[in-house]
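[1] Sharing a sequence plus its predicted fold:
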Amino acid sequence: MKSTVTAIWQGNFKEGNGFLKGENSTLEGVEYKPVFAKASGQPITNPEELLGSAHATCFNMTLSYILSQAGISAESLQTEVVIGINNNVILSSTLNLVAKIPGIADNEFQDYVIKAKQMCAVGNALKVEIEVNAQLL
């Protein structure tokens with residue numbers, strides 16, 4: 001499987017802007033700017049947010065897959081991600097998960113979370129320290 005996204009940049013670093021085109025998504029027209037840039041009235045993002053969102057969504061989908069394989073359906077999986085950056089180097093990704101899954105014990109849930117962390121394709125590609133804090137409601 002391959003997934004293609006095209007990033008287009010126009011102008012200089014401080015005043016320029018970029019747009020995304022996703023082959024299999026609705027990224028068409030999403031604007032990206034440097035982290036310090038202010039919103040221009042339309043939805044904007046930056047590479048750090050995109051990386052974080054890719055990790056959080058991949059983790060949620062992987063966990064959902066693992067749960068489904070065990071015959072379990074989550075009511076909700078809400079994952080916040082914090083990308084740690086120092087001197088232009090991404091050092092870590094911390095996933096903070098709050099899950100609503102009826103009828104599952106916490107120790108069983110934590111085992112599924114560990115498997116999802118190990119299987120997440122985006123997390124595996126990052127090659128950084130990954131921490132997962134998981135809370136079952």
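    Now that the structure is in, tell me what you want to look at.

[2] Show me the domain layout of the protein.
    What automatic domain parsing lists as the domains of the chain is 5-45, 47-136.

[3] Let's have those domains in TSV, adding mean neighbour count and mean pLDDT.
    C-betas here are computed from N, CA, C, even on glycine. Listed next are the domains of the chain as TSV, based on neighbours: other CB atoms under 10 Å; pLDDT from 0 to 100:
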stretch	mean neighbour count	mean pLDDT
domain 5-45	12	70
domain 47-136	15	94
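
[4] any idea which helix or strand carries residue 51?
    If you go by DSSP states H and E, residue 51 is part of helix 47-69.

[5] After that helix, which helix or strand is next?
    Counting by DSSP H and E, the next helix or strand C-terminal to helix 47-69 is strand 76-86.

[6] which neighbours does that following strand have in its sheet, and in what orientation?
    Using DSSP bridges, the strands paired with strand 76-86 are strand 89-100 (antiparallel).

[7] Any idea how far the strand it pairs with is from the middle of the chain?
    8 Å (CA atoms, centre = their mean, to the nearest Å).

[8] who touches the closest residue to residue 70 other than its chain neighbours in this structure?
    Once flanking residues are discounted, residue 70 sits nearest to residue 112: 7.3 Å by CB to CB, 6 or more residues apart in numbering. Residue 112 is in contact with 63, 66, 67, 70, 72, counting by CB atoms under 8 Å, 6 or more residues apart in numbering.

[9] cool, and residue 58?
    So residue 58 contacts 120, 121, 122, 123 (CB under 8 Å, 6+ apart).

[10] Could you check how far the residue nearest to it when sequence neighbours are not counted is from residue 70?
    Counting by CB to CB, 6+ apart, residue 58 lies nearest to residue 122, which is 3.9 Å off, once chain neighbours are set aside. Residue 122 sits 22 Å away from residue 70, going by CB to CB, to the nearest Å.

[11] if we can go back for a sec, any chance of the contacts of residue 58 in CSV, plus distance to residue 85 and secondary structure?
    Formatted as CSV, those follow (distance: CB to CB, whole Å; DSSP: H, G, I helix; E, B strand; the rest coil):
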residue, distance to residue 85, secondary structure
120, 20, coil
121, 21, helix
122, 16, helix
123, 17, helix
